[in-house]
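Enquirer: only the shape, not the letters, is given here:
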């Protein structure tokens with residue numbers, strides 16, 4: 001074949017592919033459902049269906065197919081009226097769908113609220129999940145589904161599924177059983193086809209043994225999620241404790257800006273004095289053949305545990321493969337908790353644990369409170385750098401640690417147990433360490449940053465992979481919004497402000513005043529802003545936790561005027577004023593970034609990613625990069 005003929009054939013092939021893609025895109029349909037609808041209707045916005053079973057009824061000529069979109073009108077959806085999004089064949093729900101069609105990598109099947117958080121699914125009275133997506137048929141998976149803007153009263157389970165994206169969600173359950181509020185995992189087949197979940201901009205609350213469970217799944221991202229666990233004395237058995245975030249036998253998991261608040265701080269403990277943890281990693285339960293499935297690498301970026309009756313972080317990874325990476329954390333905040341970081345493991349554990357730029361303090365167990373503890377008899381490369389700890393340390397092995405501020409407020413224990421390895425360890429109180437000359441500010445006024453011109457600012461270990469500040473800085477968002485594991489920008493610090501926290505008005509309303517509100521005496525619900533005494537927002541509660549009024553620039557003295565072309569307070573961008581951001585700074589490889597019409601987010605439709613998606617990152621030197 002001549003070069004000319006090959007060129008014509010290539011052009012024709014490309015044209016056919018483009019026409020095929022356009023045809024598929026054009027064939028995607030949008031249907032509507034409403035508690036006020038009728039199943040005999042057309043399924044349009046003006047004439048919506050009523051039940052989920054009708055929307056996904058393959059026997060009907062019109063129903064949601066692969067790549068279609070189902071829009072939920074505002075209202076309450078219950079098993080007895082509309083059904084809920086539960087495909088579990090054992091659930092007694094006449095209106096629930098039997099199945100939901102898979103999407104494709106290019107065209108996900110989409111289920112979204114007409115107005116964010118306006119559609120609420122409630123199965124609490126029936127005792128099963130409001131969202132149960134998957135199948136209890138072995139070796140069958142549901143995949144490429146995207147869900148946006150819904151609140152689920154009754155819990156969420158993803159079982160035997162993959163490539164599920166859940167955005168802007170709320171999840172509640174209070175069964176006080178041994179289950180989880182949000183559960184991702186499987187136990188009936190190989191987990192090789194159970195991966196790539198993205199949970200983003202969500203909030204979870206209620207009483208269960210676990211609040212967010214990631215079990216036997218790989219390559220998942222959890223981004224900007226707030227968890228509020230109520231005390232649940234009946235949620236454990238055989239000595240098993242309660243956990244807010246639980247990682248079991250999973251690999252390449254990333255947690256970005258995940259916050260746990262007020263765990264077990266609603267007045268009931270006593271009989272609940274059992275080991276409990278806010279962030280837990282465990283691979284003790286072998287599935288199949290010994291030694292079981294490993295856990296790790298796992299990354300925690302800008303995560304926080306505040307006002308908790310639990311451990312902040314606990315690791316019991318007995319089944320970690322020799323030489324594999326384990327845990328990486330940076331800018332981790334643990335304050336007013338029972339214990340700090342408990343890094344343990346079984347005999348022969350050989351991993352690379354790396355904890356940098358942490359802030360740990362106000363631990364509540366007196367002389368038994370540990371900032372950082374190495375337990376068991378592991379061997380490997382453990383790195384602890386540029387961290388602040390208010391308490392005392394214990395260690396079982398030698399530690400590569402330097403540039404720590406180990407302040408022992410109570411004068412118990414030994415805050416310098418790493419003296420042989422520690423470079424420039426300090427022992428000053430960061431809330432009162434200004435000297436009026438070289439250090440004009442106290443180091444710690446707000447949990448989310450180290451103050452400039454302070455003793456802990458820029459004085460730590462020099463390394464290009466983390467900050468020289470001694471302590472955590474949690475001011476910017478981690479991960480590009482919408483990026484799943486391996487996609488461009490999924491990992492790394494962005495230039496977008498984290499505060500004010502997204503949808504914090506909805507979070508407070510649900511936690512404190514909603515249909516299933518928590519105890520009003522809980523710290524967050526009873527907190528008042530230091531400025532005007534009004535009920536504190538989530539942002540104010542965290543920023544003002546140490547007793548200093550939130551800086552005015554966090555919210556700004558006034559709102560900007562959207563459309564005036566100037567990025568003002570409370571605006572992400574405005575017209576051509578993108579606040580210095582670009583496609584590249586948001587994780588893309590090029591293109592033209594624009595501002596959304598409401599000035600609250602960026603329009604990235606003009607950005608591009610050249611080449612295939614970035615491969616998952618693993619180890620860089622001793623760094624664990626999940």
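Expert: Done, it's in. The structure displayed is predicted, hence computed values, not measured ones.
Enquirer: from now on I want contacts and neighbour counts done on CA atoms only, so please keep to that.
Expert: OK.
Enquirer: and the strands in the stretch 401-550 of the chain, which stretches?
Expert: Using DSSP state E, counting those that start in this stretch, the strands found in the stretch 401-550 of the chain span residues 405-407, 476-478, 493-497.
Enquirer: deepest of the ones you listed, which one?
Expert: Most buried of the strands of the stretch 401-550 of the chain, by mean neighbour count (mean count of other C-alpha atoms under 10 Å): strand 405-407, with a mean of 25.
Enquirer: what average pLDDT does that one get?
Expert: Averaged across strand 405-407, the pLDDT comes to 72.
Enquirer: just stretch 93-113 next, same as before
Expert: So the average pLDDT for stretch 93-113 ends up being 92.
Enquirer: ok, stretch 488-499 next?
Expert: So the average pLDDT for stretch 488-499 ends up being 94.
Enquirer: please apply the same query to stretch 181-191.
Expert: 73.
Enquirer: can you name every helix or strand that the host helix or strand of residue 202 contacts?
Expert: Counting by DSSP states H and E, the element that carries residue 202 is strand 197-206. Packing contacts for strand 197-206, counted by 3 or more C-alpha pairs under 8 Å, 6 or more residues apart in numbering; DSSP states H and E, involve strand 161-173, strand 180-185, strand 218-229.
Enquirer: take the ones you listed and lay them out in a markdown table including mean neighbour count and distance to residue 586.
Expert: What follows is the helices and strands packed on strand 197-206, written out as a markdown table (neighbours: other C-alpha atoms under 10 Å; distance: least, C-alpha to C-alpha, whole Å):
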| stretch | mean neighbour count | distance to residue 586 |
| --- | --- | --- |
| strand 161-173 | 25 | 18 |
| strand 180-185 | 25 | 28 |
| strand 218-229 | 25 | 15 |
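Enquirer: circling back: nearest to residue 100, of the strands of the stretch 401-550 of the chain?
Expert: Relative to residue 100, the nearest member of the strands of the stretch 401-550 of the chain by C-alpha to C-alpha is strand 476-478, separated by 31.6 Å.
Enquirer: what's next to the closest one, contact-wise?
Expert: With contact meaning C-alpha atoms under 8 Å, 6 or more residues apart in numbering, strand 476-478 is reached by 223, 256-257, 301-302, 491-499.
Enquirer: 7 Å instead, please
Expert: For strand 476-478, the surrounding residues in contact (C-alpha atoms under 7 Å, 6 or more residues apart in numbering) are 256-257, 301, 491-498.
Enquirer: going by mean pLDDT, which of the helices and strands packed on strand 197-206 comes out lowest?
Expert: Across the helices and strands packed on strand 197-206, the lowest-scoring stretch is strand 180-185, with a mean of 91.
Enquirer: re the thing from before, for the strands of the stretch 401-550 of the chain, which one sits closest to residue 82?
Expert: From these, taking C-alpha to C-alpha, the stretch that ends up closest is strand 476-478, at 37.2 Å.
Enquirer: quick check, distance from the closest one to the centre of its chain.
Expert: Computed by C-alpha atoms, centre = their mean, to the nearest Å, the separation of strand 476-478 from the middle of its chain amounts to 12 Å.
Enquirer: follow-up on the earlier one: dump the helices and strands packed on strand 197-206 to CSV, plus distance to residue 110.
Expert: Converted to CSV, the helices and strands packed on strand 197-206 look like this (distance: least, C-alpha to C-alpha, whole Å):
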stretch, distance to residue 110
strand 161-173, 9
strand 180-185, 19
strand 218-229, 19
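Enquirer: ok, back up a step: listing partners with orientation, what would you give for the strand holding residue 202?
Expert: Strands adjacent to strand 197-206 in the sheet, as given by DSSP bridges, are strand 161-173 (parallel), strand 218-229 (parallel).
Enquirer: can I get those in TSV including distance to residue 250?
Expert: Output for these, formatted as TSV (distance: least, C-alpha to C-alpha, whole Å):
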stretch	distance to residue 250
strand 161-173	14
strand 218-229	5
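Enquirer: nearest to residue 437, of the ones you listed?
Expert: strand 218-229 (38.8 Å).
Enquirer: got the contact list for the closest one?
Expert: Contacts for strand 218-229 (C-alpha under 7 Å, 6+ apart): 194-207, 244, 250-264, 484-485.
Enquirer: same check on stretch 34-46?
Expert: 31-33, 47-51, 54, 72-73, 75-77, 82.
Enquirer: stretch 552-567 too?
Expert: 499-500, 568-571, 573-577, 579, 598-599.
Enquirer: by neighbour count, which of these wins?
Expert: Within the contacts of stretch 552-567, most neighbours by other C-alpha atoms under 10 Å means residue 573, with 28 neighbours.
Enquirer: doesn't residue 581 make contact with that residue?
Expert: No - taking contacts as C-alpha atoms under 7 Å, residue 573 lies outside contact range of residue 581: 9.0 Å.
Enquirer: before we move on, back to that, for PyMOL, write the selection for the buried entries among the contacts of strand 218-229.
Expert: PyMOL command restricting those to the buried ones, with burial defined by 16 or more other C-alpha atoms under 10 Å:
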select buried, resi 194+195+196+197+198+199+200+201+202+203+204+205+206+207+244+250+251+252+253+254+255+256+257+258+259+260+261+262+263+264+484+485
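Enquirer: count the residues that sit near residue 563.
Expert: A count of nearby residues for residue 563, using other C-alpha under 10 Å, gives 14.
Enquirer: looking at the contacts of stretch 34-46, spot the one nearest residue 510.
Expert: Looking across the contacts of stretch 34-46 and measuring by C-alpha to C-alpha, the closest to residue 510 is residue 76, at 14.6 Å.
Enquirer: the closest one bridge partners, please.
Expert: Under the criterion used here (DSSP bridges), residue 76 is bridged to residue 120.
Enquirer: dump the residue contacts of it.
Expert: So residue 76 contacts 35, 119-121 (C-alpha under 7 Å, 6+ apart).
Enquirer: can you check residue 104 too?
Expert: Residue 104 sits in contact with 67, 144, where contact means C-alpha under 7 Å, 6+ apart.
Enquirer: repeat for residue 97
Expert: 52-53, 56, 85-87.
Enquirer: do residue 441 as well
Expert: 434, 451, 453-454.
Enquirer: pLDDT score for it?
Expert: For residue 441, the model assigns a pLDDT of 95.
Enquirer: and the gap between it and residue 432?
Expert: To residue 432, residue 441 is 9 Å away according to C-alpha to C-alpha, to the nearest Å.
Enquirer: quick one, phi psi at the closest residue to residue 435 other than its chain neighbours?
Expert: Distances taken as C-alpha to C-alpha, 6 or more residues apart in numbering put residue 441 closest to residue 435, at 7.9 Å, once the chain neighbours are dropped. Per-residue torsions, residue 441: phi -120, psi 150 (degrees, to the nearest 10).
Enquirer: done for today, thanks.
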